[in-house]
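*Asks:* Here is the input, now give the coordinates:
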Amino acid sequence: MERSHFASADFGKVQASLAADRPEKLLHADVLKATAEDSKFSQERRHLVRMVDLPSRTLSMTIGGLAPGESTRKHRHNYETIIYVIAGSGVSVIDDREVPWRVGDAFYVPTWAWHQHNNTSATESALYVACENAPMLQNLGIALREEA
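*Replies:* Reported below is the predicted structural model:
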């Protein structure tokens, strides 16, 4: 039977050399400048989202923003997320836990956990960087996301 994936026992079958991958695009300048796709995606998600357009096959990065008092929709996905806060403060509800955050904090959203991010300030916008392993799961055909 032919294997469709590699397992621990296949460690000895790792190739001895690689052909270098040299993608043309190495820079996404002015990430916060909205593209038509970003604007549509932000409208669908009901908060600021700017996708970083680089050729990574395993990691994604987005810039997310919440206006004063704004919240994301409650959702979950089967990819991991690490969020680093670059402006503002708020609280994220991750399953039944409240995780308060502010500038300089990083927090983790586990796979398939219902979560919602909330800007608790009445005057200051929040801005954060979200890094996820979504492209890896998309390339495997197994990425899932669900809105409440």
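
*Asks:* in the chain, which segments are predicted with low confidence?
*Replies:* 1-4 (pLDDT under 70).

*Asks:* mind listing what's buried in the longest helix seen in it?
*Replies:* If you go by DSSP state H, the chain has its longest helix at helix 36-45. Of the residues in helix 36-45, those buried by neighbour count under the rule 16 or more other C-beta atoms under 10 Å are D38, F41, S42. C-beta: built from backbone N, CA, C; applies to glycine.

*Asks:* Let me know the closest of those residues to L144.
*Replies:* Of all these, L144 sits closest to F41, with 17.6 Å by C-beta to C-beta.

*Asks:* hmm, back to that, in a markdown table: the buried residues of helix 36-45, plus distance to I94.
*Replies:* Shown next, in a markdown table, are the buried residues of helix 36-45 (distance: C-beta to C-beta, whole Å):
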| residue | distance to I94 |
| --- | --- |
| D38 | 25 |
| F41 | 22 |
| S42 | 22 |
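
*Asks:* Specify which member of those is nearest to G64.
*Replies:* Using C-beta to C-beta, these come closest to G64 at S42, 9.3 Å.

*Asks:* looking at it, the closest one is touching A36, isn't it?
*Replies:* No - no contact is recorded between S42 and A36 when judged using C-beta atoms under 8 Å, the distance being 10.8 Å.

*Asks:* ok, how many other residues are close to the residue nearest to E147 when sequence neighbours are not counted?
*Replies:* Closest residue in space to E147, ignoring its immediate chain neighbours: H75 at 4.9 Å, by C-beta to C-beta, 6 or more residues apart in numbering. With neighbours defined by other C-beta atoms under 10 Å, the count for H75 comes to 15.

*Asks:* quick one, what contacts H75?
*Replies:* The contact partners of H75, taken as C-beta atoms under 8 Å, 6 or more residues apart in numbering, are W114, H115, Q116, R145, E146, E147, A148.
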